[in-house]
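Undergrad: let me see the structure of the following:
(chains A and B)
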Amino acid sequence: MAQEQIRAALEAVAVQLGATAPVVVELETPRDKGHGDLSTNLAMQLAKPLRSAPRKIAEQIVAALRLGPDLVEAVEIAGPGFINFRLAPGQLNETVRTILAEGAEYGRQRVAQPLRVNVEFVSANPTGPLHVAHGRGAALGDCVASLLAWLGHEVTREFYVNDAGVQINRLGESLWARVQERAGREAAIPEQGYHGAYLLELAERLVGERGAGFADQPAATGVTACRDYAVAALKAEQRADLEAFRVRFDVFFDESRLYQTAPAGSADARSPIDRALAELEGHGALFEEEGALWLRTTAHGDDKDRVLRKSDGTYTYFLPDIAYHQDKAARGFDRSIDVWGADHHGYVPRMRAAMLALGHGDAFFAAIIVQLVTVLRGGEEVKMSKRAGDFITLRELVDEVGVDAARYFFLMRRSESPFAFDVDLATRQTDENPVFYVQMAHARMSGIFRVGGVDAGTVRAEGADIAALPEAMEADLVKTLGRFPLVVRRAAEALEPHRVTTYLEELARAAHLWYHHCHVLGEPAPVERARLALARATQIVLANGLSLLGLGAPERM
RNA sequence: GCGCCAGUAGCUCAGCUGGAUAGAGCGGCAGCCUUCUAAGCUGCGGGUCGGAGGUUCGAGUCCUCCCUGGCGCGCCA
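TA: All right, here's what the predicted structure looks like:
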């Protein structure tokens, strides 16, 4: 790629001028087309270390640069010391040739050091159906995982199941209460229990399967049976909903595993919890006070130290969480990226502190915080209350707007921004709806091949002179296409899928513009040939971008 | 009271990890269909980047303080 060649040349010249060896050359595409195709602020960066004026350094750099005329057409110094490069027209052909040659692989790359990355997301308690906020986390986690995979990292999608603890018992008690109600007895849903209508349905099913006598057993065994039944049923339902949302997990990790010891004869029979405690002890991170066992998280930036084992001898939820992350490290992951809801953001500092206390590097743990989702229908916010079991489920949303629109909408905003999901907009089949706008651009490219009777897969760049095409917007389109790999890389590094949707909308705009002004079929042979190649390249990049987001690329709409 | 996130055009939001004259969509106004999808395209208006200081060649972006909104601050999960 032209960019890498220029970067390498600049690095060499910088060292030659006396810059200390590892020079990081920033090369960006300027906003203003008048500033060329690529631009670097290198001279300004070197002004201080070299104790010289930026423009003077820029002149020295330009004088020493040796770039072939087939690569760069012009080099200019501008403003306070920018060096602007205008690429040779032949580079347009090079870009299209690369896209057509790589096809569905275009945009995928191979980082120098691939890592094993665990992306943990959704991780909803099996105490109810998934709701819209889970959908946002699901789309986001899935796409972050895809982005990292596109860079060449080895990615595992993981769902942590809180199948132990107080909430699960309350679920069992809640279902048992519904079963009792059904049998005509007085029964109350426990304090902080689950009131949703879905437990009524579960009670119906449970009694149907086990017989009317089920309600007559002692409460102790009844609650246990209800608990196991509800957890199994809700887990299955959640997985089915995710599957319908095109999210597939590699691993469902049960919290209960953390309490289990290894089979006799294992090298280390301790449970993950006990092992984590021992490791924290080994790092000198624990202390006892007032009968409780504490982790000194303040040593790593937390506000206050945190209790791991209460004075009554039971563990806080924090310890299994630490053990879980330690288990990820033990399974060989270099990074753990956790997608959490906004209501958990307060736990980020303590988890980071725990990981640092265990000797992990700063890069091991990262949390992506997903802000709240509200739903707009008819311009009005739909009221939701999780406590009352009154909320819009992911399933309902997907049924209403479709998988493509739901995924796209969840991905198109930065995760830290609160998001109002406008279901009317998502179902609208007009240009106001960005997902239709982008998919339509792909359908239009496909339409050219369909109408022309051309098999898109057979289009080749060889002999197609894109650089000779008459309209300026054609070169702009190619340059936009050429930015795709960089967009993927930046989005992956920042863990921000919305950069891809923003880019796709920009690309779609360029594609619609071009489609409208530049006719393909029936043009003079050289023009038709070049434009078929350009349409094919555009179709490929749109399809790759949509596929990265987990969306379909329709041939017609 | 403390912490985290947000505050950019009438509305919804981008802004490439500090770059050049802050962008897009929608809405508003004015245009464009014998041509591969008008589900589209073109043009015009529209801004004290919440406020005040600071850092430097250069700040929407980094630091400090303040204002507004959301979320969170337990030996609960």
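
Undergrad: could you use CA atoms for every contact and neighbour count after this?
TA: Will do.

Undergrad: what comes into contact with stretch A:410-424?
TA: With contact meaning CA atoms under 8 Å, 6 or more residues apart in numbering, stretch A:410-424 is reached by A:135-136, A:139-140, A:368-379, A:400-401, A:409, A:496-499, A:501-502.

Undergrad: do that again at 7 Å, thanks
TA: Identification of contacts with stretch A:410-424 by CA atoms under 7 Å, 6 or more residues apart in numbering yields A:136, A:139-140, A:369-378, A:401, A:496-498, A:501.

Undergrad: which ones are touching residue A:106?
TA: Taking CA under 7 Å, 6+ apart as the criterion, residue A:106 is in contact with residue A:99.

Undergrad: so what's it bridging to?
TA: Beta-bridge pairing of residue A:106, defined through DSSP bridges, involves residue A:108.

Undergrad: also within reach of RNA strand B: list those from the contacts of stretch A:410-424.
TA: The subset of the contacts of stretch A:410-424 within reach of RNA strand B, by CA under 7 Å from any atom of the strand, is A:371-372.

Undergrad: drop anything exposed from the contacts of stretch A:410-424.
TA: Taking 16 or more other CA atoms under 10 Å as the criterion, what is buried in the contacts of stretch A:410-424 is A:136, A:139-140, A:369-376, A:401, A:496-498, A:501.

Undergrad: quick one: residue A:288 is in a strand?
TA: Yes. With DSSP: H, G, I helix; E, B strand; the rest coil as the criterion, residue A:288 is part of a strand.

Undergrad: test my guess that it contacts residue A:296.
TA: No. When contacts are counted by CA atoms under 7 Å, residue A:288 is not listed as touching residue A:296 (10.2 Å).

Undergrad: can you map out the helices along the stretch 1-150 of chain A?
TA: For the stretch 1-150 of chain A, the helices defined by DSSP state H, counting those that start in this stretch occupy A:2-16, A:42-50, A:54-64, A:90-102, A:132-150.

Undergrad: can you check the pLDDT for whichever residue of the stretch 151-300 of chain A sits closest to RNA strand B?
TA: Using CA to the nearest atom of the strand, the single residue of the stretch 151-300 of chain A nearest to RNA strand B is residue A:290, 3.9 Å away. With respect to pLDDT, residue A:290 has a value of 91.

Undergrad: from residue A:552, how far off is whatever residue of the stretch 301-450 of chain A ends up closest to RNA strand B?
TA: Residue nearest to RNA strand B within the stretch 301-450 of chain A: residue A:431 (2.3 Å; CA to the nearest atom of the strand). For residue A:431, the distance to residue A:552 (CA to CA, to the nearest Å) stands at 18 Å.

Undergrad: comparing these two, which residue is more hemmed in?
TA: Neighbour totals were compared for residue A:431 and residue A:552, and residue A:552 leads with 15 against 11 (other CA atoms under 10 Å).

Undergrad: helix, strand or coil for the more buried one?
TA: coil.

Undergrad: for whichever strand or helix holds residue A:171, name the packing helices and strands.
TA: Using DSSP states H and E, residue A:171 sits in helix A:166-182. Judged by 3 or more CA pairs under 7 Å, 6 or more residues apart in numbering; DSSP states H and E, helix A:166-182 is in contact with helix A:198-210, helix A:219-244.

Undergrad: ok, now with 6 Å
TA: Judged by 3 or more CA pairs under 6 Å, 6 or more residues apart in numbering; DSSP states H and E, helix A:166-182 is in contact with helix A:219-244.

Undergrad: who does the helix it packs on touch, helix- and strand-wise?
TA: Helices and strands touching helix A:219-244, by 3+ CA pairs under 6 Å, 6+ apart, are helix A:166-182.

Undergrad: which residues are contacting the helix it packs on?
TA: The contact list for helix A:166-182 (CA atoms under 6 Å, 6 or more residues apart in numbering) reads A:187-189, A:193-194, A:199, A:203, A:223, A:226-227.

Undergrad: mind checking how far the most centrally placed residue in chain A is from residue A:337?
TA: In chain A, the C-alpha closest to the average C-alpha coordinate belongs to residue A:144, at a distance of 2.2 Å (CA atoms, centre = their mean). Between residue A:144 and residue A:337 the computed distance is 9 Å (CA to CA).

Undergrad: one more: residue A:164?
TA: As judged by CA to CA, residue A:164 and residue A:337 stand 23 Å apart.

Undergrad: between the two, who's got more neighbours?
TA: residue A:337 (21 against 16).

Undergrad: and that one, what is it in contact with?
TA: Residue A:337 makes contact with A:119, A:366-367, according to CA under 6 Å, 6+ apart.

Undergrad: Validate this expectation: it resides in a strand.
TA: Yes. Per three-state DSSP, residue A:337 lies within a strand segment.

Undergrad: in the sheet, who's paired with it?
TA: Bridge pairing for residue A:337 - DSSP bridges - gives residue A:119, residue A:366.

Undergrad: walk me through the domains of chain A.
TA: For chain A, automatic domain parsing gives the domain ranges A:2-87, A:93-110+A:431-549, A:116-160+A:250-370, A:166-244.
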